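In: okay, sequence plus prediction incoming.
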Amino acid sequence: MQAAKKMLLAASLIAGASMAAQAAGTLIYCSEASPEGFDSAQFTGGNTFDAAGHAMFNRLVEFEHGSTKAVPGLAESWSVSPDGKTYTFKLRKGVKFHTTDYFKPTREFNADDVVFTFMRMFDKNHPFRKAYNVEFPYASDTGLDANVASVEKVDPYTVKFNLKNPDSDLVIKIAMPFASIQSAEYADKLMKDGKASQINQLPVGTGPFVFKRYQKDAQIRYAANKDYWKKGEVKVDNLVFAITTDASVRYQKMKAGECHIMSYPRPTDLAAMKTDPALKMMTAPGFNIGYLAYNVEKPQFKKLEVRQALDMAINRKAIIDAVYQGQGQEASNPFPASLWSYNKSLKNAPYDVAKAKALLAKAGYPNGFEMNLWAMPVQRPYNPNAKLMAEMIQADWAKIGVKAKIVTYEWGEYLKRMKNGEHDAGLIGWTGDYASPDNFLGVLLTCEAVGGSNYARYCNKDFDSLVLKARTTSDVKERTKLYMKAQEIFKRDLPWSTIAHSTVNQPMRKEVNGFKISPFGDYTFQGVSVK
């Protein structure tokens, strides 16, 4: 009997040791939402970029971890012609695409993959786009689809981007996840099989982790890419995205050791997290803006006085105190003060209920009106509690006779419907993707971004001409003047009520090493290990 007990004990110890070894090789991230899909080019959501672009793909140029600096990725080097219209990229050799259950590559990464990746976005007659007809919002929001004349293969390891007009931000634009390099060989196979849409469901990249399986609203599982070209950068055997929509549940899971790192903590939980001996906290200034977008195509919101009245009726101080809990600063401009060309002279109108009522009456609504107010279903640094913010704005607007019905949807559906312009006004925000004012002014507010990330559907030709001229100008002083004027037009037209910029707090378990807060709000797990 004693011998049997000893054998059972030994067996349990061996099993325990095996489980511990497996756990040490697995990093679990509690994320806040399901991705919109796995083809980053089609989407704009940060959780999609994390789950697809960063986990499984690379780009020609990438951002140094924790920095806004552009460094070589799948391109080892690049050069620009004197007129600023031709960018030549020298490609890295020896990079392998993922081998999966559904695709086995027969060649390594080369120029064909770069041409395919970009031309399917820029050319509406591209064969793959005809086989799988989707939109590429970031390609249009950044102006690339209109400005890139062609992406040309010079030789197997050299490509040229030929532009119609110079673009000073081209290199940092294509460092974003939407420009993740796809396999042209895999795309050809999907087309031949009549399954082109699977590029969004069964991804194949060159990145640090290989896709294994996905259960919507539950989890995504990845395995380490053993052939990753950045040797030594993948520190765990497995990566799991545990999709957990409630921030308090993510916190409880992290406390219990069921995940190692979580997204977007509630401000009310920060104090307890900072004193928990099992956890550690990283903090960084937020490169973000939380705002309320008015759909200026809707009849009431076409009227400037209506937008001014609604803006003036919002008690920003009360919202920032309640929603951000000391982690937010009032926003006056469409981007944070840390970004060059910020216009310090612009301020929000003071909170004034009486004046707001008078403006509504002047606009023809002395008794107010009914509308919908959309509230995001997820936490973001730029808005940690959209439900509470919506409820506070709803109460503020009731004081001027405006009855707002709060509406929400699942995150992917929310973004899709807002891009379609179904909302009257909606809470949304932005964490910058590259360190240029164009990433806020150009991507979020130009005419070409309507239907993409321009949720206000705002289109002002004077504003556009300033932003687009700045995009093609190389002189920083001249660009600054143009962006300063564009901000003045924005503040005059008021397509948004700017609410707040926030501090980013990142809790994790103490056994996590190597994680860096991205200024762009990304979650990147190459280089991250678990003790």
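Out: Now that the structure is in, tell me what you want to look at. Numbers count the residues shown, from 1 in each chain.
In: give me the next element, helix or strand, following the helix or strand bottoming out on mean pLDDT in the chain.
Out: The least trusted helix or strand in the chain, going by mean pLDDT, DSSP states H and E, turns out to be helix 2-24, with a mean of 37. Downstream of helix 2-24, the next assigned helix or strand under DSSP states H and E is strand 26-31.
In: where do the helices sit along the stretch 351-500 of the chain?
Out: 353-362, 386-398, 411-419, 438-445, 461-471, 476-493 (DSSP state H, counting those that start in this stretch).
In: who touches the third one?
Out: It stands for helix 411-419. With contacts defined as Cβ atoms under 8 Å, 6 or more residues apart in numbering, helix 411-419 is touched by 33-36, 43-45, 47, 137, 293, 374, 376-378, 408-409, 423, 426, 428, 451-453, 455. All C-beta atoms are positioned from the backbone trio N, CA, C, and that covers glycine.
In: before we move on, back to that, can I get the helices of the stretch 351-500 of the chain in JSON lines with distance to D522?
Out: Formatted as JSON lines, these follow (distance: least, Cβ to Cβ, whole Å):
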{"stretch": "helix 353-362", "distance to D522": "38"}
{"stretch": "helix 386-398", "distance to D522": "21"}
{"stretch": "helix 411-419", "distance to D522": "17"}
{"stretch": "helix 438-445", "distance to D522": "14"}
{"stretch": "helix 461-471", "distance to D522": "23"}
{"stretch": "helix 476-493", "distance to D522": "24"}
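In: V450 contacts C459, correct?
Out: Yes - with contacts counted by Cβ atoms under 8 Å, V450 reaches C459, the gap being 6.0 Å.
In: any idea which of the helices of the stretch 351-500 of the chain gets closest to Q325?
Out: Using Cβ to Cβ as the measure, helix 386-398 is the one of these that comes nearest Q325, at 10.6 Å.
In: by contact count, what packs against that closest one?
Out: helix 316-319, strand 370-374, strand 403-407, strand 425-431 (3 or more Cβ pairs under 8 Å, 6 or more residues apart in numbering; DSSP states H and E).
In: pick the most buried one from these.
Out: strand 425-431 (a mean of 25; mean count of other Cβ atoms under 10 Å).
In: what's the angle from that strand to strand 403-407?
Out: Angle, strand 425-431 to strand 403-407, by axes from the mean of the first three to the mean of the last three Cα atoms, to 10 degrees: 50 degrees.
In: packing partners of strand 425-431?
Out: By 3+ Cβ pairs under 8 Å, 6+ apart, strand 425-431 packs against strand 288-294, strand 370-374, helix 386-398, helix 438-445.
In: and that strand, how far from the chain's centre?
Out: Computed by Cα atoms, centre = their mean, to the nearest Å, the chain-centroid distance of strand 425-431 equals 12 Å.
In: what's the next secondary structure element after the lengthiest strand in the chain?
Out: Longest strand in the chain, counting residues (DSSP state E): strand 496-509. Remark: after strand 496-509, the chain's next helix or strand is strand 512-513, criterion DSSP H and E.
In: what is the rounded mean pLDDT of that next one?
Out: For strand 512-513, the mean per-residue pLDDT is 98.
In: same for it, what does it pack against?
Out: Strand 512-513 packs on strand 529-530, going by 3+ Cβ pairs under 8 Å, 6+ apart.
In: who are the packing partners of the strand it packs on?
Out: Partner elements for strand 529-530 (3+ Cβ pairs under 8 Å, 6+ apart): strand 26-31, strand 512-513.
In: give me whichever of these is most buried.
Out: Buried most deeply of the helices and strands packed on strand 529-530, by mean count of other Cβ under 10 Å, is strand 26-31, with a mean of 23.
In: adjacent strands (with direction) for it?
Out: strand 238-243 (parallel), strand 261-262 (parallel) (DSSP bridges).
In: residues in contact with W78?
Out: L60, V61, Y87, T88, F89, K90, V171.
In: how about a cut-off of 10 Å?
Out: 60-61, 70, 72, 87-90, 159, 161, 170-171, 174 (Cβ atoms under 10 Å, 6 or more residues apart in numbering).
In: what distance do you get for it to D112?
Out: Look at W78 and D112: by Cβ to Cβ, to the nearest Å, they are 18 Å apart.
In: and for D145?
Out: 20 Å.
In: circling back to that earlier point, how about a markdown table for the helices and strands packed on strand 529-530, with distance to F118 added?
Out: Converted to a markdown table, the helices and strands packed on strand 529-530 look like this (distance: least, Cβ to Cβ, whole Å):
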| stretch | distance to F118 |
| --- | --- |
| strand 26-31 | 28 |
| strand 512-513 | 35 |
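In: mind checking which of those strands is nearest A55?
Out: strand 26-31 (9.6 Å).
In: quick one: stretch 85-93 to chain centroid distance?
Out: 26 Å.
In: could I get the full set of strands for the stretch 51-200 of the chain?
Out: 61-63, 70-72, 75-80, 86-91, 148-155, 158-163 (DSSP state E, counting those that start in this stretch).
In: kindly compare burial across those strands and name the winner.
Out: By mean count of other Cβ under 10 Å, the strands of the stretch 51-200 of the chain have strand 61-63 as the most buried, with a mean of 22.
In: what lines up beside that strand in the sheet?
Out: Partners of strand 61-63 in its sheet, by DSSP bridges: strand 70-72 (antiparallel).
In: can you tell me what sits against the strand it pairs with?
Out: Under Cβ under 10 Å, 6+ apart, the answer for strand 70-72 is 59-65, 78, 89-90, 92, 171-175, 434-435.
In: let's verify M273: helix, strand, or coil?
Out: helix (DSSP: H, G, I helix; E, B strand; the rest coil).
In: quick one: contacts for it?
Out: Y251, M254, K255, M262, P265, R266, L279, K280, M281, N505, P507, M508.
In: ok, and the closest non-adjacent residue to it?
Out: Nearest residue to M273 in three dimensions, chain neighbours excluded: P507, at 4.6 Å (Cβ to Cβ, 6 or more residues apart in numbering).
In: what do you get for P127?
Out: In space, P127 is closest to M191, 6.8 Å off (Cβ to Cβ, 6+ apart).
In: neighbours of the one you found, just the number please.
Out: Here the number of neighbours of M191 (other Cβ atoms under 10 Å) works out to 16.
In: what's the pLDDT at it?
Out: Residue-level pLDDT assigned to M191 equals 98.
In: do I have it right that it meets E185?
Out: No - using Cβ atoms under 10 Å, M191 is not in contact with E185, being 11.0 Å away.
In: list the buried residues of stretch 114-129.
Out: Under the neighbour-count criterion of 16 or more other Cβ atoms under 10 Å, stretch 114-129 has V114, V115, F116, T117, F118, M119, R120, M121, F122, D123, F128, R129 buried.
In: just to check, the second one is in contact with T158?
Out: No - counting by Cβ under 10 Å, no contact exists between V115 and T158, whose distance comes to 11.2 Å.
In: quick check: neighbours shared by the two?
Out: E152.
In: hang on, the earlier thing: which of the helices of the stretch 351-500 of the chain is buried the deepest?
Out: Note that of the helices of the stretch 351-500 of the chain, helix 438-445 is the most buried (mean count of other Cβ under 10 Å), with a mean of 27.
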